[in-house]
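*Asks:* sequence plus predicted model, see below.
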Amino acid sequence: MSDLDRFIPTPRLLEADHLDLKRPPAQVWQALRHGDIGKAALLRALFAVRERRGATSSESRESLTLDDLLSSSKRPGLTVLVEEAPHALIVGGVGKVWHLEAPFVHVAPREFPSFQVRGYVKLVCGMRLVPWGEGGTRLTVEVRVDATDEDAWNRFRRYFQLISPGAHFIRRSLFASLLRNVEGSELDGEDHPFAGDDLLPDAVAQISDDIAIHASPAEIFPWLLEMTTHRAGFYGIDAVDHVAPSASAAEPTEMGVAVGDMLPSATDRDDAFEVLRVDRDRSLVLGGLWDADKRKQLPFASSRPEHYWQVTWAFVLEPIDGATSRLHVRARASFLSAGPMYATWIRPVHRFIERKQLEQLAATVEGRVSRRDWHAVVEGLGGLARIAGAFLTPHAREARSHWGLDAAAAARTYPGDELVENARWGFTHGVEVAAPAAEVWPWLAQIGADKGGFYSYEWLENLAGCGVHNAEVIHPEWSLTLGDGVVLHPDMPALPIVALSPGRYFVACVKPDRGARDAGAPWVEVSWLFMVESLDAFRCRIISRYRCAMSDEVRTRLQYGPTLLEPIGFAMDRRMLLGIRDRAERREPSAVKASRRGTKRGAKRSARQGPSEDVTGMPR
């Protein structure tokens, strides 16, 4: 049982997010635990009400840290519930947050789990730091909310529907502030000098952004050179950028770009970005000068006309470690025209599109390319049709439960079965792959919404807010290890990996809080096995085995039972297995293909017989 389970075992609202930083846990902890979070204007505004209610003018502070979250009977509020430096921190509180002044009550940490006074919500925010990459840290933040009665929950639910977008934005703002405080890049912030700034010294508008990409600068830079209408597009919102669909290939072409080249910026106009500077694997600076009266583009170094727009667009790569880099981007503009009004509304639009561009570029470089064309939509609609068909045929549920396997293979004992001994329902799906097990395992080992995706109906998953980009290449640094978690959705806690045999299988499992279960609270327990078993030197089988048990309440059975989940699970799991198979077979070495031709008939006979078993009944 985790500490969060101890305080709110069955949350009515749960959201989770994570941030990867390039500093060790001890350094991140110092910034998180004792750093000034009040530098973020939004956070300071949120705490201003509490300061006015409980503090005098002499108590007002220039900074705000988690050290200040010390609830008392005189000044109730949020407080630190658990602290395990430098790995875990839980902050919580009890209050009526839907009121303007958000009145809290003081509850001691030891009394928090048992607090049941009607009319309040209980909220906790857990922060966990684990090592990531080479000397880095992954910060995971999980927010849980519960209410002491239905009326309080309904009040909070209506309130949260209004403020949820702001809540997400505030969390991301806190992440951004922490990123700046911890990593301290000389390129961070609008005030730091940047490549190309000197080309437009009188800029009156400027926007900067950045993103971490799991690749080296040398791997990222070719994708920057591809940015043009007739090459890879701009990796953003193609319809807004007026370009053809952005690239989705696994590797860029090596196209030469030199200072003075013109990179077309739209398919329906003659506009282009002029290449101003190129520093291989470090920076690329684009720009343009436009005559606002004649609606004509001029060479960047030309004399400015009476009414003009002049911009620079710079990209700078900063190595974080051997496997990760940070891409910084800055757009600057100077104008003397009817531009100020245009600049007012274009600024937020550009910031939004720029963010999308960075996210899609990172996905492209990392091989998590999203299929954005009509094929993805059609494929997703086919997935919806398969789900609907399964929902309308509950009588075929037993047959679907062992799709890709015969009944005997599905009935075997598998790793992790002991974790959910009396499963109410489940499935065991399988697919044969014409590739060695060692070639298939890396695809399985990078599963997760935050890693390689699920190789399934990406369009459908993203409609549900999963933020998935199915990988088209293997990333060894994403390989799951014991103690990691499989992320299904950014707003859900990860499924902890409790058993792992590298190259063979891993098991993710969620167990209910034993105390809450014994007390009669609703509960659910789930195990999910991902397994690769070798059939011969050139073939293997992937198995996905899901087992679920739950309490008998109608709501729990509807939420976690097979009536709703089995049709979805069948369609998505089947597509996942086929997606892994297709990727593994596409990458199969030619030597293996050649060797396999001579054993094709024997391989088919072996497939019908199934894999050999050891004395425990487990496949070797």
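*Replies:* Perfect, I can see it now. Quick caveat: nothing in here was measured; it's all calculated off a predicted structure. Residues are numbered from 1 along each chain as shown.
*Asks:* sec struct for L263, please.
*Replies:* Secondary structure for L263, judged by DSSP: H, G, I helix; E, B strand; the rest coil, is strand.
*Asks:* surely it is in contact with V278?
*Replies:* No - applying Cβ atoms under 8 Å, one finds L263 not in contact with V278, separated by 11.5 Å. Bear in mind the C-beta positions are built from the backbone N, C-alpha and C, glycine included.
*Asks:* between those two, what contacts are shared?
*Replies:* Contact criterion Cβ atoms under 8 Å, 6 or more residues apart in numbering; residues shared by L263 and V278: V257.
*Asks:* please parse this structure into its domains.
*Replies:* 3-183, 197-365, 374-609 (automatic domain parsing).
*Asks:* these into a markdown table, with extra columns for mean neighbour count?
*Replies:* Shown next, in a markdown table, are the domains of the chain (neighbours: other Cβ atoms under 10 Å):
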| stretch | mean neighbour count |
| --- | --- |
| domain 3-183 | 16 |
| domain 197-365 | 17 |
| domain 374-609 | 18 |
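*Asks:* need the ones you listed in JSON lines with mean pLDDT, can you?
*Replies:* Listed next are the domains of the chain as JSON lines, based on pLDDT from 0 to 100:
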{"stretch": "domain 3-183", "mean pLDDT": "76"}
{"stretch": "domain 197-365", "mean pLDDT": "78"}
{"stretch": "domain 374-609", "mean pLDDT": "86"}
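*Asks:* can you pull the contacts of L289?
*Replies:* Per Cβ under 8 Å, 6+ apart, neighbours of L289: Q297, L298, P299, F300, S302, R304, Y308, W309, Q310.
*Asks:* got it, and R277?
*Replies:* Counting by Cβ under 8 Å, 6+ apart, the residues that R277 touches are A195, G196, L199, V259, S283, L284, V285.
*Asks:* list the ones among these that fall in strands.
*Replies:* Counting by DSSP state E, the part of the contacts of R277 found in strands is S283, L284, V285.
*Asks:* now render the residues you listed as TSV, adding distance to W443.
*Replies:* Shown next, in TSV, are those (distance: Cβ to Cβ, whole Å):
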residue	distance to W443
S283	34
L284	33
V285	38
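*Asks:* contacts for the helix or strand containing G430, please.
*Replies:* Using DSSP states H and E, G430 sits within strand 425-433. Strand 425-433 is contacted from outside by 400-405, 409-410, 414, 420, 440, 535, 539-548, 561-562, 566, 569-570, 573-574, 577-578, 580-581, 584-585, 607, using Cβ under 8 Å, 6+ apart.
*Asks:* same deal with stretch 435-445?
*Replies:* Contacts for stretch 435-445 (Cβ under 8 Å, 6+ apart): 433, 452, 455, 471, 474, 476, 478-480, 502-504, 506, 530, 532-534, 537-540, 542, 580, 583-585, 587-589, 592.
*Asks:* now the helices for the stretch 201-350 of the chain?
*Replies:* 217-225, 238-241, 339-365 (DSSP state H, counting those that start in this stretch).
*Asks:* with the stretch 451-600 of the chain instead?
*Replies:* 458-463, 514-518, 554-560, 562-586, 590-597, 600-609.
*Asks:* the first one: how far from the chain's middle?
*Replies:* Distance of helix 458-463 from its chain centroid, counting by Cα atoms, centre = their mean, to the nearest Å, is 13 Å.
*Asks:* tell me the contacts of the spatially most central residue of the chain?
*Replies:* Residue closest to the average C-alpha location in the chain (Cα atoms, centre = their mean): D450, at 4.0 Å. If you count contacts by Cβ under 8 Å, 6+ apart, D450 has them with H18, V487, P490.
*Asks:* how about R155, secondary structure?
*Replies:* R155 - assigned by three-state DSSP - is helix.
*Asks:* and it, how close does it get to P522?
*Replies:* 22 Å (Cβ to Cβ, to the nearest Å).
*Asks:* could you do L78 as well?
*Replies:* 27 Å.
*Asks:* quick revisit: and the next helix or strand after the strand holding G430 with strand 425-433, angle?
*Replies:* Downstream of strand 425-433, the first helix or strand assigned by DSSP H and E is helix 437-444. If you take axes from the mean of the first three to the mean of the last three Cα atoms, to 10 degrees, helix 437-444 sits at 130 degrees to strand 425-433.
*Asks:* pull helix 437-444 out as CSV, backbone CA atoms only.
*Replies:* What follows is helix 437-444, C-alpha atoms only, in CSV (Å, rounded to 0.1, in the frame of the first residue of the first chain):
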residue,chain,number,x,y,z
ALA,A,437,12.1,-13.2,-29.6
ALA,A,438,15.1,-11.1,-29.0
GLU,A,439,14.0,-8.8,-31.9
VAL,A,440,10.5,-8.5,-30.6
TRP,A,441,11.1,-7.9,-26.8
PRO,A,442,12.4,-4.3,-27.2
TRP,A,443,9.1,-3.3,-28.8
LEU,A,444,7.2,-4.8,-25.9
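*Asks:* run the chain-centre distance for that helix.
*Replies:* The answer for helix 437-444 is 22 Å, by Cα atoms, centre = their mean.
*Asks:* likewise stretch 427-442?
*Replies:* 25 Å.
*Asks:* first-to-last residue distance for that stretch?
*Replies:* 23 Å (Cα to Cα, to the nearest Å).
*Asks:* closest one of the ones in strands among the contacts of R277 to L392?
*Replies:* Closest approach to L392 among these (Cβ to Cβ): L284, at 53.7 Å.
*Asks:* that closest one contacts A314, correct?
*Replies:* Yes - judged on Cβ under 8 Å, L284 makes contact with A314 at a distance of 7.3 Å.
*Asks:* next up, the contacts around the closest residue to I207 other than its chain neighbours.
*Replies:* Nearest residue to I207, sequence neighbours excluded (Cβ to Cβ, 6 or more residues apart in numbering): A331, at 5.1 Å. Counting by Cβ under 8 Å, 6+ apart, A331 touches Q206, I207, S208, V311, T312, W313, A314, H350, E354.
*Asks:* over to A423?
*Replies:* So A423 contacts R547, C548, A549 (Cβ under 8 Å, 6+ apart).
*Asks:* which residue is the nearest non-sequential neighbour of it?
*Replies:* R547 is the one closest to A423 (Cβ to Cβ, 6+ apart), at 4.0 Å.
*Asks:* what separation do you get for the one you found and S401?
*Replies:* Using Cβ to Cβ, R547 is found at 11 Å from S401.
*Asks:* repeat that for R144.
*Replies:* 33 Å.
*Asks:* what ranges do the strands span in the stretch 401-550 of the chain?
*Replies:* With DSSP state E, counting those that start in this stretch, the ranges of strands along the stretch 401-550 of the chain come out as 425-433, 485-486, 495-501, 505-510, 524-536, 539-550.
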